[in-house]
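Peer 1: For reference, the sequence and a predicted model appear below.
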Amino acid sequence: MGKTITMAALAKELGLSESAVSKALNDYPDISPETKKLVRGKADELGYSPNLLARNLAKKTSNFVGIVIRDVSSIYGEMFKSLNAVARRSNLNLILYDTSQSRSIENACVQNLIDSMAMGIVVVPVSEDISQIRKMTRNHVPVVYLGGKVRVDSVNYVCSDSTAGAETALRHLIGQGHRKIVMLCDGKTSNSRSRKIAVYQKMMRRLGEEEQILYSDAAESDLAAAGYRLGKELLASGKAFTAVFAVKDTLAIGALSALKEAGVRVPEQVSVIGYDGIDASALPLIGLTTVAQPRMEMAEKVIDILRQHAEEPAAPPEHWLAQPGLIIRGSTAACDGSENH
């Protein structure tokens, strides 16, 4: 390996002060465009690479944001792409952590980001209990909580409006004449899940229909298989239903497989709708009607909040509810009035 080129060596080669070289590399306005071009050209020629840790220590911050996600196989793993695109427009770099649903790993990731002087942290938390994260990050780094688990007035959060989203899904089914609607849920408790269930229960009461809610405690990475099992369980129950509302697209995709395997025609006999708008829902062989979270809007708001709070640490917490939208595909259709199952 070749010798590491330091900023001091680069400055000596150019006949400039280290301060001038540093300013040129960091695009300070008091350095002329000609000098910046000269410095960057020589840096490329000599293979100069800045010591980012030293730079962060000097600046007491950095230009990177940590993204701590409980499971990257969820919608939030896909949302990382939107976050990354928005961050690049702001000259920010992202570092992604997958905590594997472990609170101890989550805490370790957050501490690592604090020690590395991250500009900000985005957390899709494992639990609604964020007391340890708040204790660790207080007065150190701005944090935005992404997703439906955390909606606390005293912290920054961005999430989709799960009440509006569930209403959109169910009104779509009811508007097509469906009355006997089954709800599929993962077993993880969260504010967003509770809101979706409350909407379902309210609408079933209005219709005078029986509530049918099936749960699975599978991990997010196993929800497609869990949806398949719930679909089989539903068919074996012998109860009548004409539509299925799943709180995750992955659950809905699994249920679709179980229905089709049993010879149930979708959407002619049973309609299925999901929630999230994951990429796989649009595949031709799936064609899932879904209520999609507006990923790019949410990403833009997350980065905007982080930047504002990095500049103004004493600014009050910000809360933003994104409005999800209905995407109609081939898994839902008008009910013919018969109770198929």
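Peer 2: Good, I have the coordinates. Numbers count the residues shown, from 1 in each chain.
Peer 1: Could you use CA atoms for every contact and neighbour count after this?
Peer 2: Will do.
Peer 1: all helices for the stretch 151-300 of the chain, in order.
Peer 2: Assigned by DSSP state H, counting those that start in this stretch, the stretch 151-300 of the chain shows helices spanning 162-175, 191-207, 223-237, 249-261, 295-311.
Peer 1: May I have the first one exported as CSV, CA atoms only?
Peer 2: Extracted in CSV, the C-alpha atoms of helix 162-175 (Å, rounded to 0.1, in the frame of the first residue of the first chain):
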residue,chain,number,x,y,z
SER,A,162,-53.0,4.9,9.9
THR,A,163,-56.6,5.9,10.8
ALA,A,164,-57.1,7.6,7.4
GLY,A,165,-55.3,4.7,5.6
ALA,A,166,-57.5,2.0,7.2
GLU,A,167,-60.6,4.0,6.4
THR,A,168,-59.5,4.3,2.8
ALA,A,169,-59.0,0.6,2.5
LEU,A,170,-62.3,-0.4,4.1
ARG,A,171,-64.3,2.2,2.3
HIS,A,172,-63.0,0.9,-1.0
LEU,A,173,-64.2,-2.6,-0.1
ILE,A,174,-67.5,-1.5,1.3
GLY,A,175,-68.1,0.7,-1.7
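Peer 1: Which neighbouring elements make contact with it?
Peer 2: helix 191-207, strand 243-246, strand 271-276, strand 289-292, strand 325-327 (3 or more C-alpha pairs under 8 Å, 6 or more residues apart in numbering; DSSP states H and E).
Peer 1: For M79, which non-adjacent residue is closest in space?
Peer 2: R295 (5.8 Å; C-alpha to C-alpha, 6 or more residues apart in numbering).
Peer 1: pLDDT value on the one you found, please?
Peer 2: Model confidence at R295, given as pLDDT, is 95.
Peer 1: before we move on, what about L46?
Peer 2: 84.
Peer 1: Please name the nearest non-neighbouring residue to it.
Peer 2: The spatially closest residue to L46, leaving aside those adjacent along the chain, is I5, at 7.1 Å (C-alpha to C-alpha, 6+ apart).
Peer 1: if I look at that neighbour, how far off is K37?
Peer 2: For I5, the distance to K37 equals 18 Å [C-alpha to C-alpha, to the nearest Å].
Peer 1: What ranges does the stretch 1-150 of the chain have for its strands?
Peer 2: 64-69, 93-98, 120-124, 143-146 (DSSP state E, counting those that start in this stretch).
Peer 1: okay, now the residue lying closest to L184 once chain neighbours are set aside: neighbour count?
Peer 2: Closest residue to L184 apart from its sequence neighbours, by C-alpha to C-alpha, 6+ apart: A246 at 4.5 Å. For A246, the count of nearby residues is 29 (other C-alpha atoms under 10 Å).
Peer 1: again, but for the one 5 residues further on
Peer 2: Residues near L251, counting by other C-alpha under 10 Å, number 29.
Peer 1: residues in contact with it?
Peer 2: 184-186, 223-228, 274 (C-alpha atoms under 8 Å, 6 or more residues apart in numbering).
Peer 1: And L10, by the same measure?
Peer 2: Going by C-alpha under 8 Å, 6+ apart, L10 touches 21, 42-43, 46, 48.
Peer 1: Just the CA coordinates for stretch 115-127, please, in PDB.
Peer 2: This file holds the C-alpha atoms of stretch 115-127, laid out as PDB (Å, rounded to 0.1, in the frame of the first residue of the first chain):
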ATOM      1  CA  ASP A 115     -19.800   8.600  19.400                       C
ATOM      2  CA  SER A 116     -19.300   9.100  15.700                       C
ATOM      3  CA  MET A 117     -20.900  12.600  16.000                       C
ATOM      4  CA  ALA A 118     -23.700  11.900  13.500                       C
ATOM      5  CA  MET A 119     -25.600  15.000  12.300                       C
ATOM      6  CA  GLY A 120     -28.800  13.200  13.200                       C
ATOM      7  CA  ILE A 121     -30.500   9.800  13.700                       C
ATOM      8  CA  VAL A 122     -33.600   8.300  12.200                       C
ATOM      9  CA  VAL A 123     -35.100   5.500  14.300                       C
ATOM     10  CA  VAL A 124     -37.700   3.000  13.300                       C
ATOM     11  CA  PRO A 125     -37.900   1.600  16.900                       C
ATOM     12  CA  VAL A 126     -38.300  -1.900  18.100                       C
ATOM     13  CA  SER A 127     -40.600  -0.900  20.900                       C
END
